[in-house]
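J.: Predicted model, plus sequence, below.
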Amino acid sequence: MIHNHKPLRASGHLDRRQFIRAVAVSACASVAAAYGAPPDRRSLSFAHTHTGETLSTVYFQDGSYLAPSLEHVNHFLRDFRTNEVHSIDPGVLDILFDMQAEAHHAGPFEVISGYRSAQTNAALRSQSSAVAEHSLHMEGRAIDVRLRGFPTAKLRDIAIALHRGGVGFYAASDFVHVDTGRVRSW
């Protein structure tokens, strides 16, 4: 973001716009400092519940998504049943990043399900009516997670409050589904 600053008035006092701009810049800097990272640096940590794999990565920095990091995420969130890799929508990662920031919790996300191939989705759907026929998991636009050491019901509430896509809560299995589809919850 580029800020055009006007010089101080001759009296040394800020005019109203300069004051509001200074407060806003200060607030952004305070939020960034509170989370220990500049506002244009986003990172996530994961632990996969099925494969035992872990991943910690900075996926966005200096105004850009980092292609090598996204490739690592794509592989990590692959369909572990078929080993098929698919691109994950970076918007899913941004939702997780914002959820973690709102939770003020640094624990890794435990991944239950990332990308699902059509074959895997059909097999899961034959076992459970909770699996959507046209699941956004098949497009790399959904993930099922919990945040280690954080109440899953609170994580659901945070996700819903973001108004950024779909949010499903599966209390019996202790996970939250988030996706980049239309805003809805179940």
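T.: Arrived safely.
J.: helix or strand right after the helix or strand harbouring V58?
T.: Element membership of V58 [criterion: DSSP states H and E] is strand 54-61. Under the assignment DSSP H and E, the closest C-terminal helix or strand after strand 54-61 is strand 64-65.
J.: Any stretches of the chain with poor pLDDT?
T.: The chain contains residues with pLDDT under 70 at 1-39.
J.: Now do the strands in it.
T.: In the chain, the strands defined using DSSP state E lie at 41-48, 54-61, 64-65, 109-113, 142-147, 166-170, 175-179, 184-185.
J.: follow-up on the earlier one: packing partners for the strand holding V58?
T.: strand 41-48, helix 67-76, helix 90-103 (3 or more Cβ pairs under 8 Å, 6 or more residues apart in numbering; DSSP states H and E). C-beta here means a position set from N, CA and C on the backbone, and glycine is covered the same way.
J.: quick one: buried residues of it?
T.: For strand 54-61, the neighbour count (16 or more other Cβ atoms under 10 Å) marks L55, T57, Y59, F60 as buried.
J.: Check stretch 110-121 too.
T.: Using 16+ other Cβ under 10 Å as the test for burial, stretch 110-121 gives E110, V111, I112, S113, G114, Y115, R116, S117, T120, N121.
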